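K.L.:
next one to model:
(one chain, ligands or ions: 2)
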Amino acid sequence: MSEHSTSLAVVVLAAGIGKRMRSETPKALHRVCGSTLLECVLDQVEGLGAREVVVVVGHGAAEVSSVVGERARCVVQAEQNGTGHAVAVAAEVLGPDIDELLVVSGDSPLVRSSTLESLAEARRAESAAASMLTAVLEDPTGYGRVLRGEGGGIERIVEEADAVAGERDVREVNACAYAFDRAPLETALKGLTNENAQGEYYLTDVIEGYVDGGLRVIAVVGSAEEAMGVNDRSQLAFVGELMRDRINRELMLSGVTMVDPRSTYVDLHVAVGRDTVLLPMTFLRGSTRIGEGCSIGPCTEVNDSVLGDGCIVTFSWLDGCEVSSDVEVGPYSRLRPGSRVGSGCRVGSYVETKNSVIGRGSKVPHLSYIGDAEIGEDVNVGAGSITCNYDGEKKHRTVIGDRAFIGSDTMMVAPVKIGADAATGAGSAIYEDVPDGSLGVERSEQKNIPGWRKKRKDGRARRR
Ligand code: UD1
Ligand code: CA
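P.N.:
Ligands and ions are numbered 1, 2, ... in the order given. The predicted model follows:
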């Protein structure tokens with residue numbers, strides 16, 4: 001971090017209505033790869049060591065501010081009169097020690113911290129009044145075009161709405177990221193007018209004013225990717241795809257195998273360990289952390305869950321779970337919030353768990369519901385067994401001791417406790433506690449009727 005960074009403030013513009021999104025949700029709160037556009041920008045800004053970070057909010061101010069939370073100070077731009085007006089509103093609240101502003105747009109989530117850093121560096125190095133980030137796009141539609149003079153220096157920026165035919169052909173665009181020396185900026189903002197197609201105070205006009213007044217402006221040409229803004233939902237999807245490529249590339253370079261990165265969806269803050277294999281149609285969401293040497297997918301969603309090393313999860317859905325190492329899940333299982341699965345466990349096919357602890361080495365291999373249960377270590381839960389945790393009013397707990405053997409199709413009517421080393425008979429509805437080492441069996445005795453098949457057949461023949 002340079003010594004200058006201590007007097008730096010970052011201003012994030014996020015007050016706009018986002019009309020082209022056609023949404024009830026403020027544009028800044030639309031998401032790519034699990035994070036809101038605004039959070040993506042804040043992630044990048046936070047590494048810059050700025051003394052202050054100010055987010056300009058307006059449309060949906062309360063909602064946007066609550067997403068910002070403690071991460072930055074929000075200032076309200078009551079009427080969204082343009083990007084220049086937005087920066088003026090922010091500049092008013094900055095402390096007197098701030099002498100440098102970095103302005104970024106809350107709808108450009110792909111801009112990188114390192115690029116913003118070099119933008120600020122470039123301005124300082126040349127003691128310019130401003131530096132701005134540009135990019136050359138294949139299709140510049142919708143962006144402000146960067147018009148350069150004969151010597152190649154910047155002359156001004158023209159918004160698409162204000163551009164004439166020749167100007168629209170320019171493919172260099174304004175990425176809406178700038179570094180400014182504070183004093184001349186505040187003077188220039190006061191002089192802005194709104195005489196343009198949109199009737200707004202454009203921040204871009206500051207640049208033209210500088211050039212006309214002989215102040216130095218530097219353009220830093222960045223990548224097309226980082227300049228991508230989100231104005232409509234098609235751009236949201238496009239930017240999301242670029243973000244996903246970025247996440248996937250980083251994971252693969254860090255040692256994660258993706259059989260088909262194009263059908264692998266990993267949110268921004270997910271961590272995946274080395275030598276883990278992600279199979280197609282895998283979604284890793286939220287705060288999920290996956291250990292090393294796991295195999296996840298195909299067709300699996302893991303949301304806000306932590307998995308240890310060596311786990312195998314196939315065709316399953318996990319949400320809010322803690323899973324230890326060497327656990328097998330699926331195919332076709334659903335682990336709901338509060339499921340804590342110990343190491344070496346198997347939660348097999350068609351099993352649902354919720355708010356339950358399954359101790360080390362225990363197995364629930366087939367067709368079970370385990371809810372509000374505490375299962376000890378090395379327990380075997382036979383196929384089709386269910387904890388009947390709900391009496392129609394309240395939820396109750398089932399406790400199963402270490403090494404217990406739950407016979408197939410046992411209904412454990414909670415609250416109920418099955419002791420250590422105990423067993424239950426297949427098909428039993430267990431509603432009383434089973435002491436340690438005992439067998440709990442609840443079923444009527446079997447009656448065998450000799451010759452029944454033949455008698456039935458003969459009877460039918462007679463009736464015909
Ligand atoms: C802006 C730039 C354009 C650039 C493009 C890059 C201007 C005039 N135009 O255009 O040159 O190519 O970004 O993506 O600056 N905002 C406010 N208050 C307002 C208006 C906007 O906070 O009064 C915020 C918006 O929420 C948004 C950002 O500023 O996050 C940019 O506004 P937007 O309307 O998206 O500008 P563009 O038309 O994309
Ligand atoms: Ca925009």
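
K.L.:
what's the local residue count around the closest residue to ligand 1 within the stretch 51-200 of the chain?
P.N.:
Ligand 1 sits closest to Gly144 of the stretch 51-200 of the chain, with a gap of 2.1 Å, by CB to the nearest ligand atom. For every residue, glycine as well, the C-beta is placed using N, CA and C. Applying other CB atoms under 10 Å, we find 26 residues neighbouring Gly144.

K.L.:
so what does it have for phi and psi?
P.N.:
For Gly144, the backbone dihedrals (degrees, to the nearest 10) come out as phi -70, psi 130.

K.L.:
and it, what's its pLDDT?
P.N.:
Listed pLDDT for Gly144 reads 98.

K.L.:
my guess is it contacts Glu172, does it?
P.N.:
No: using CB atoms under 8 Å, Gly144 and Glu172 do not qualify as a contacting pair, with a distance of 10.0 Å.

K.L.:
contact residues of the stretch 151-300 of the chain facing ligand 1?
P.N.:
Applying CB under 6 Å from any ligand atom, we find that the stretch 151-300 of the chain lies next to ligand 1 at 157, 159, 173-176, 202-204, 229, 231.

K.L.:
go again with 8 Å.
P.N.:
157, 159-160, 173-176, 198, 200-205, 227, 229, 231 (CB under 8 Å from any ligand atom).

K.L.:
so for the longest strand along the chain, mean pLDDT?
P.N.:
Counting residues, the longest strand in the chain under DSSP state E turns out to be strand 172-181. The predicted model gives strand 172-181 an average pLDDT of 98.

K.L.:
what is the orientation angle of the helix or strand following that strand with strand 172-181?
P.N.:
Beyond strand 172-181 on the C-terminal side, the first helix or strand identified by DSSP states H and E is helix 182-190. Using axes from the mean of the first three to the mean of the last three CA atoms, to 10 degrees, the inter-axis angle of helix 182-190 relative to strand 172-181 is 120 degrees.

K.L.:
against Tyr143, how distant is the single nearest residue of the chain relative to ligand 2?
P.N.:
Scanning the chain for proximity to ligand 2 using CB to the ion identifies Gly229 as nearest, at 3.9 Å. Counting by CB to CB, to the nearest Å, the gap between Gly229 and Tyr143 amounts to 7 Å.

K.L.:
comparing those two, which residue is more hemmed in?
P.N.:
Set side by side, Gly229 and Tyr143 show more neighbours around Tyr143, with 24 against 20, by other CB under 10 Å.

K.L.:
pretty sure that one sits against Val173.
P.N.:
Yes: proximity of Tyr143 to Val173 meets the contact threshold set by CB under 8 Å, at 3.6 Å.

K.L.:
common neighbours of these two, please.
P.N.:
Taking CB atoms under 8 Å, 6 or more residues apart in numbering as the contact criterion, the common neighbours of Tyr143 and Val173 are 137, 227.

K.L.:
kindly report the residues of the protein close to ligand 2.
P.N.:
Contact residues, the chain versus ligand 2 (CB under 5 Å from the ion): 107, 229, 231.

K.L.:
domain assignment for the protein?
P.N.:
In terms of domains, the chain is parsed into 3-227, 233-440 (source: automatic domain parsing).

K.L.:
for the last one, give the mean pLDDT please.
P.N.:
Spelled out, it's domain 233-440. Per-residue pLDDT values across domain 233-440 average out to 98.
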